[in-house]
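Chemist: This is a predicted model, with the sequence first.
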Amino acid sequence: MVTNTSSGRPMCHSCSKPSRICLCTRIKTPSLNNSVAINILQHSLELNHPLNSTRIATLGLKNLSVVSVSDVNFEAQFAIRPLNSNSEVGSHGYEVRTNGSCCDYQETQNGGGYSSQVGSGLITFTIRKSGTVSSFKHHWMPQSQLENPNFDQFLTSSVVLDALSNGFVVKKWQNKQLGNGCIKTEEMEEFGIRVPPGSALLFPSEDSVLIEDIDFEVKNLIVLDGTWAKAKRVYNENPWLKALPHLKLDLDKMSLYGEVRTQPRAGCLSTIESIVYALKAVGDETETDGLDNLLDVFESMVGDQRRCMNERLSQISLS
């Protein structure tokens, strides 16, 4: 489907590229039926970037979803509920407020200071800008089980990991600060994500292991989409990701982006490159030729951008 932009330039609605460089016809086998699901957390500023490669993954893979994620500019609230939990939160919980290295427990009534919908999670927490956890609440671990509580340690404890091992749902709400200094308190849900059993995060953190070394079957792969700086912000501002196994690729190759979108170092790849290589590494049953074609389409998109850059430079030199 072709639409016209405000500038009058015809655009392809499917791939969000100008119709003269539409990507759709370049994909030989659209909607490949990948057996390992892909869930992309896309930084909100990446959506309209001309070189964003998620558009290729969306066209090329059937079992894929994209969730837009914004930076936390003031405060955000999260709620996590295990998929196998049918119970609502009780009237008492334990709220932990963090202030530097000091944490104090406070028994709370009626689920605490979130709305009833947010409070229905078994784990709820509030973060500030840059991912600092200001408070968190849980409903099954008494104070005696945590000494010097730390949210990262809590989220990766055996009790929590066991509770989340059969999958969970995570929801995020944003709070924004108005010009008069007031907090806008109405609930603005940014996303709700179902994280099924067998999920893993593809991200090269300190705790990541090589895909070849894992001892479980990956059924759902979460991928962060954005520049490396944006991807790190998404990771830091979504601490629930730390409850997932972290995987990384063992590749020492340069991205096909080349000079048109500089990467920090070898092995730092585009989203579509990371997805293709990860699907191959986890033994996905998707046909190899179809996956390789997605890389060919990506390379051709980069070539389009390179030609556009050269054309602009030529016009400047002639003016």
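Modeler: Right, received. Where do you want to start?

Chemist: How about residue 69: which residues does it bridge to?
Modeler: Beta-bridge pairing for residue 69 (DSSP bridges): residue 43.

Chemist: and it, how far is that from residue 162?
Modeler: In this structure, residue 69 lies at 27 Å from residue 162, with CB to CB, to the nearest Å as the measure. Using the backbone N, CA and C atoms, a C-beta is placed for each residue, glycine as well.

Chemist: The two: who's more crowded?
Modeler: When residue 69 and residue 162 are compared on other CB atoms under 10 Å, the one with more neighbours turns out to be residue 69, at 23 against 10.

Chemist: Name all residues that make contact with that one.
Modeler: With CB atoms under 8 Å, 6 or more residues apart in numbering as the criterion, the residues that contact residue 69 are 41-44, 172, 190-191, 234, 238.

Chemist: would you list those residues in a markdown table and tack on pLDDT and distance to residue 31?
Modeler: Shown next, in a markdown table, are the contacts of residue 69 (pLDDT from 0 to 100; distance: CB to CB, whole Å):
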| residue | pLDDT | distance to residue 31 |
| --- | --- | --- |
| 41 | 98 | 21 |
| 42 | 98 | 19 |
| 43 | 97 | 25 |
| 44 | 95 | 25 |
| 172 | 95 | 29 |
| 190 | 95 | 27 |
| 191 | 96 | 24 |
| 234 | 96 | 26 |
| 238 | 96 | 28 |
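
Chemist: buried sites along the lengthiest helix in the chain?
Modeler: Of all segments of type helix in the chain, defined using DSSP state H, the longest is helix 288-318. Within helix 288-318, the residues scored as buried using 16 or more other CB atoms under 10 Å are 290-291, 293-295, 297-298, 301-302, 304-305.

Chemist: Report the secondary structure state of the nearest residue to residue 263 once chain neighbours are set aside.
Modeler: Using CB to CB, 6 or more residues apart in numbering and skipping residues adjacent in sequence, the residue nearest residue 263 is residue 255, 4.9 Å away. For residue 255, the assignment made with DSSP: H, G, I helix; E, B strand; the rest coil gives coil.

Chemist: And residue 255, how far from residue 298?
Modeler: To residue 298, residue 255 is 10 Å away according to CB to CB.

Chemist: Quick check: neighbours shared by those two?
Modeler: With contacts defined as CB under 8 Å, 6+ apart, the residues shared by residue 255 and residue 298 are 270, 273.

Chemist: Backbone dihedrals for residue 52, both of them.
Modeler: Phi and psi for residue 52, reported as degrees, to the nearest 10, are phi -70, psi 130.

Chemist: And the one 5 residues further on, by the same measure?
Modeler: Summarising the backbone geometry of residue 57 under the convention degrees, to the nearest 10, its torsions are phi -60, psi -40.

Chemist: correct me, but it touches residue 40?
Modeler: Yes. Here residue 57 lies in contact with residue 40, judged by CB atoms under 8 Å, at a distance of 6.8 Å.

Chemist: joint contacts of these two?
Modeler: Listed as contacting both residue 57 and residue 40 by CB under 8 Å, 6+ apart are 64, 271.

Chemist: hmm, back to that, residue 271 is in contact with the residue nearest to residue 263, correct?
Modeler: No. Applying CB under 8 Å as the test, residue 255 and residue 271 come out as separate, 10.3 Å apart.

Chemist: who has more neighbours, those two?
Modeler: When neighbours are counted by other CB under 10 Å, residue 271 comes out ahead of the other of residue 255 and residue 271, with 24 against 21.

Chemist: ok, now which ones touch that one?
Modeler: 40, 52-54, 57, 223, 225.
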